[in-house]
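S.K.: Test case, fold it:
(one chain, ligands or ions: 1)
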Amino acid sequence: MAEQFNLDAYQQLLHTRVQQHDERGLILDDTLCYPLGGGQPGDSAILTLADGSQLTISDTRRDKESRQIVHSVPADAARLAPGTAVTLALDWPRRYRHMRIHTCLHLLSVVIKAGVTGGNLSADSGRLDFDLPEGMELQAAAIEQALNALVARDLPVRVLMTSGDALKAQPELIKTMAVTPPLHLPEIRLIEIDGVDLQPCGGTHVGRTGEIGRVQVKKIESKGARNKRVIITVAD
Ligand SMILES: [Zn+2]
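M.R.: The predicted model follows:
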């Protein structure tokens, strides 16, 4: 299965075929849909058949055993035969907000210089949790200003592929990363925001920080003595 979102997060339409349709849902030869993971939700989409009939894909997840991407469709939908030609149209407004908010979370990890202990996002907002020294307060206005300054620089966002061995040979790269990369893997996907951030990530991102648009810090919450949760959103 080709996972097109890895190559081009902007592709919205795909002609492909059904590989399997069972009680879990649909497996396609190729897909545009990102499977739930790394704090980013799965995608929703519309599948159109040759006769014009349509099926709604409400979510996409990776099957734990086969590692295939399973598309959730209504359980009462007639089973599609393997080989059936279909056109997949991504719910683009929703996915594009995931991309903008996800990329903004990378910027947030640059603006707040502390360990990231967790994160999550939806089409509405995103959050990161930071491990901060006890008593250290975060200023929402200053964070918001710093984020919007990075957005205004319209920095290119690139996908780089490397290997665990290559990364181990370049410790200066690892130093800049918020999360320890899976160095045992032969292939590691890195997201580089030109000159400001480099970290391993499998999610979907915008091509330039300018696309994130106006950022707002919605809330800063204390989650325990050392843990601060910062929630952001982006303008419509
Ligand atoms: Zn990412």
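
S.K.: For the protein, list the residue farthest from the centre, please.
M.R.: If you look at how far each residue of the chain sits from its centre, by Cα atoms, centre = their mean, the farthest one is Asp51, at 33.2 Å.

S.K.: Spatially central, which residue of this structure would that be?
M.R.: For the chain, Gly203 is the residue whose C-alpha lies nearest the centre (Cα atoms, centre = their mean; 3.0 Å).

S.K.: which SSE is that one in?
M.R.: Assigning secondary structure by DSSP states H and E places Gly203 outside every helix and strand.

S.K.: Repeat that for Leu167.
M.R.: Under the criterion DSSP H and E, the helix or strand holding Leu167 is helix 164-168.

S.K.: Let me see the domain layout of the protein.
M.R.: In the domain annotation for the chain, the residue ranges read 2-90, 95-234 (automatic domain parsing).

S.K.: Next, format the ones you listed as a markdown table and append distance to the ion and mean pLDDT.
M.R.: Heads up, the C-betas are built off the backbone N, CA and C, glycines and all. What follows is those, written out as a markdown table (distance: least, Cβ to the ion, whole Å; pLDDT from 0 to 100):
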| stretch | distance to the ion | mean pLDDT |
| --- | --- | --- |
| domain 2-90 | 7 | 95 |
| domain 95-234 | 3 | 90 |
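
S.K.: Each with direction, which strands does the lengthiest strand in the chain pair with?
M.R.: The single longest strand within the chain, with elements called by DSSP state E, is strand 13-22. Using DSSP bridges, the strands paired with strand 13-22 in its sheet are strand 25-28 (antiparallel), strand 85-90 (antiparallel).

S.K.: which outside residues touch the last one?
M.R.: Contacts of strand 85-90 from elsewhere in the structure, counted by Cβ atoms under 8 Å, 6 or more residues apart in numbering, are 11-18, 28, 31-33, 43, 45-50, 57, 80.

S.K.: try stretch 54-66
M.R.: With Cβ under 8 Å, 6+ apart as the contact definition, stretch 54-66 has outside contacts at 24, 26, 31, 33-37, 41-49, 68-74, 77, 88.

S.K.: Using ChimeraX, make a named selection holding only the buried ones among those residues.
M.R.: One line in ChimeraX is enough to select the buried ones among the contacts of stretch 54-66; burial here means 16 or more other Cβ atoms under 10 Å:
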select :26,31,33,34,35,41,42,43,44,45,47,48,68,69,70,71,72,73,88
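
S.K.: check contacts around Ser125.
M.R.: Remark: with contacts taken as Cβ under 8 Å, 6+ apart, Ser125 is in contact with 101, 218, 231-233.

S.K.: now, the most widely separated pair of those?
M.R.: Using Cβ to Cβ, the two most remote members of the contacts of Ser125 are Ile101 and Lys218, lying 11.4 Å apart.

S.K.: that older thread, would you mark the buried spots in the longest strand of the chain?
M.R.: 14, 16, 18-21.

S.K.: Ile101 and Lys218 - which one has more neighbours?
M.R.: Neighbour count, other Cβ atoms under 10 Å: between Ile101 and Lys218, Ile101 has more, with 23 against 15.

S.K.: Pretty sure the more buried one sits against Val234.
M.R.: Yes - when contacts are counted by Cβ atoms under 8 Å, Ile101 is listed as touching Val234 (5.8 Å).

S.K.: overlap in contacts of those two?
M.R.: Shared contacts of Ile101 and Val234 (Cβ under 8 Å, 6+ apart): Ile212.

S.K.: that older thread, tabulate the buried residues of strand 13-22 (TSV), appending distance to Asp154.
M.R.: What follows is the buried residues of strand 13-22, written out as TSV (distance: Cβ to Cβ, whole Å):
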residue	distance to Asp154
Leu14	29
Thr16	34
Val18	41
Gln19	40
Gln20	43
His21	43
